[in-house]
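K.L.:
Structure, please.
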Amino acid sequence: MNRFTILSALLFIRAATAWGQCTVTKDGFGQVVTICESYVSEAAYRFPASSHQQVMLLGSEFYTFPVLQKGTIQLDESGKAIPCYLAFNLVNHEVTCQISKDIAPKIVTPYAFTINGNTFIRQPKAMLGIKYEAYVMLVYNGQTKLLKSLTSRLIQKSIRNGYEKSSSFEGYYQTKERYYIQIGDTPPQPVSLTKRSLETVLRDPSGQLSATIPDKRLTESDVVKIVTNYDSRLPETTLNNTQLSNDIGFTDFLQKNVKYPNIAWNNGAYGRVYAGFDVDETGQITNVKLLSPDNVGFGFDQAVTRAFEKLSKVKSDYAGNYVLPVTFTYTNRSVSSTNNVPINTLPADRLEGRTVLPELVVPVVISKTGLTSREVWGYYK
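P.N.:
I've put the predicted structure just below:
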């Protein structure tokens, strides 16, 4: 099983040269190589039509070597794991399954598969900006998931074989990794292995998570630890994800339209507002009201209700009763780099049995000397 033969319909960089049968193997120096038979047309090179040559490529388009590995496929989310020999093509994300040596391999599109000890999950075509069926590796599987997309492409460039000066490769396969974070059931969001990128995706108004992320270039292992830490800090209410909390358009609209009140930041005020609202069977947003105490005089209440007035309708599938916590955080760099985060929260008995959505954070950063800060938490009506 150390050799794997495929039929390739790819065209080489010279359009007149077509590839036929390709074999993935290892050379004497332990390098994975793909060897293809190429056929050159008579019109292009004035050679006999039957002339051909072997083309050597460094690496292969497959995830593993040997290409076929013992693994399992899961046909749907609730289905059982079926053992088979698997090959995963990183160029077109095709999965080949061979149930037994007596049965020919066939291309399958399972919900998930495990190969080489790693689990891959199929992603909808509309996600990740990819137009074809794609699979991502499940690097960390918690309430928050760390996913990795692996794609490969052929770089058609002659390179010298580092072991034998007399031979060269006509190209090589280049694998690219992309990472995504998925919080609960929300769509995966692309993330780079940097502190700034993680802070953007893992919104933590307390600032405690940020303090644990090093400023250096992070490794995959570092990010797993950070995401694990993030999971441990998630309040139970934010894990109650609904279809509405998965709607990026809903969240983005409010993020853009809830503005930090000028009078609040001019007075160093920060606070938290809980907005209750209903979505009826037609998708209309109704009964918007503040469940938290009135923050009289600083405009937090009005900033939230004005945004909801502009967002009059969502999908009818989201019918239900909700509460959205909106947290206004405040940083005055002339005084301190500390991010001031409100600590007051709404008691459970005042949630009125509503589904609590993930918190919306509205930050402000200013530089104003001599201005002290304070949390505003008013009084109940």
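
K.L.:
Go through the protein and flag its longest helix.
P.N.:
Selection of the longest helix in the chain by residue count, based on DSSP state H, yields helix 220-233.

K.L.:
Check which helices and strands the helix or strand following that one sits against.
P.N.:
Taking DSSP states H and E as the definition, the helix or strand that follows helix 220-233 towards the C-terminus is helix 248-257. Secondary-structure packing of helix 248-257 (3 or more Cβ pairs under 8 Å, 6 or more residues apart in numbering; DSSP states H and E): helix 300-310, strand 360-366. In this view, the C-beta of every residue, glycine as well, is placed from N, C-alpha and C.

K.L.:
These: which one's closest to Glu94?
P.N.:
Closest to Glu94 of the helices and strands packed on helix 248-257 is strand 360-366 (Cβ to Cβ; 40.6 Å).

K.L.:
Note down every partner strand of the closest one and its orientation.
P.N.:
The partner list of strand 360-366 in its sheet, established with DSSP bridges, is strand 320-332 (parallel).

K.L.:
Now the element after the strand it pairs with, going C-ward?
P.N.:
Downstream of strand 320-332, the first helix or strand assigned by DSSP H and E is strand 355-356.

K.L.:
I'd like to know which elements the longest helix of the chain is packed against.
P.N.:
Helices and strands touching helix 220-233, by 3+ Cβ pairs under 8 Å, 6+ apart, are strand 134-141, strand 144-155, strand 171-183, helix 208-212.

K.L.:
So what angle separates the directions of that helix and strand 144-155?
P.N.:
Helix 220-233 runs at 150 degrees relative to strand 144-155, counting by axes from the mean of the first three to the mean of the last three Cα atoms, to 10 degrees.

K.L.:
can I get the CA coordinates of helix 220-233 in PDB?
P.N.:
Coordinates of the C-alpha atoms in helix 220-233 are reproduced here as PDB (Å, rounded to 0.1, in the frame of the first residue of the first chain):
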ATOM      1  CA  GLU A 220      -1.800  25.800  17.000                       C
ATOM      2  CA  SER A 221      -1.200  24.300  20.500                       C
ATOM      3  CA  ASP A 222      -1.200  27.900  22.000                       C
ATOM      4  CA  VAL A 223      -4.600  28.600  20.400                       C
ATOM      5  CA  VAL A 224      -6.100  25.300  21.700                       C
ATOM      6  CA  LYS A 225      -5.200  26.400  25.200                       C
ATOM      7  CA  ILE A 226      -6.600  29.900  24.700                       C
ATOM      8  CA  VAL A 227      -9.900  28.500  23.300                       C
ATOM      9  CA  THR A 228     -10.100  26.000  26.100                       C
ATOM     10  CA  ASN A 229      -9.700  28.900  28.600                       C
ATOM     11  CA  TYR A 230     -12.300  30.900  26.700                       C
ATOM     12  CA  ASP A 231     -14.800  28.000  27.000                       C
ATOM     13  CA  SER A 232     -14.300  27.900  30.700                       C
ATOM     14  CA  ARG A 233     -15.200  31.500  31.000                       C
END
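
K.L.:
can you list contacts of it?
P.N.:
Residues lying outside helix 220-233 but in contact with it, judged by Cβ atoms under 8 Å, 6 or more residues apart in numbering, are 139-140, 142-146, 148, 179, 181, 191, 193, 198, 202, 204, 206, 208-209, 212-214, 218.

K.L.:
Compute the mean per-residue pLDDT across that helix, please.
P.N.:
Taken as a whole, helix 220-233 has a mean pLDDT of 85.

K.L.:
give the contact list for Leu58.
P.N.:
When contacts are counted by Cβ under 8 Å, 6+ apart, Leu58 is found next to 31-33, 159, 169, 171-173.

K.L.:
The same query, at a cut-off of 6 Å, please.
P.N.:
Applying Cβ atoms under 6 Å, 6 or more residues apart in numbering, we find Leu58 in contact with 169, 172.

K.L.:
pLDDT wise, what is it at?
P.N.:
For Leu58, the model assigns a pLDDT of 93.

K.L.:
Give the bridge partners for it, please.
P.N.:
When bridges are called by DSSP bridges, Leu58 pairs up with Val33, Tyr172.

K.L.:
what angle do the longest helix of the chain and strand 171-183 make?
P.N.:
Between the direction of helix 220-233 and that of strand 171-183, the angle (the same axes, to 10 degrees) works out to 10 degrees.

K.L.:
related to what we said a few turns ago, among the contacts of helix 220-233, the buried ones, what's the ChimeraX command?
P.N.:
Of the contacts of helix 220-233, the buried ones go into a single ChimeraX selection, burial set by 16 or more other Cβ atoms under 10 Å:
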select :139,140,143,144,145,146,148,179,181,191,193,198,202,204,209,213,218
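
K.L.:
ok so, going back, select from the helices and strands packed on helix 220-233 the stretch with the lowest mean pLDDT.
P.N.:
Ranked by mean pLDDT, these end with helix 208-212 in last place, scoring a mean of 78.

K.L.:
hmm, who's touching that helix?
P.N.:
Applying Cβ under 6 Å, 6+ apart, the external contacts of helix 208-212 come out as 199, 230.

K.L.:
Neighbours of Tyr260, how many?
P.N.:
The criterion is other Cβ atoms under 10 Å. On that basis, Tyr260 has 20 neighbouring residues.

K.L.:
So what's the residue count around the residue nearest to it when sequence neighbours are not counted?
P.N.:
Excluding its sequence neighbours, the residue lying closest to Tyr260 (Cβ to Cβ, 6 or more residues apart in numbering) is Val364, at 4.3 Å. By other Cβ under 10 Å, the residues close to Val364 number 17.
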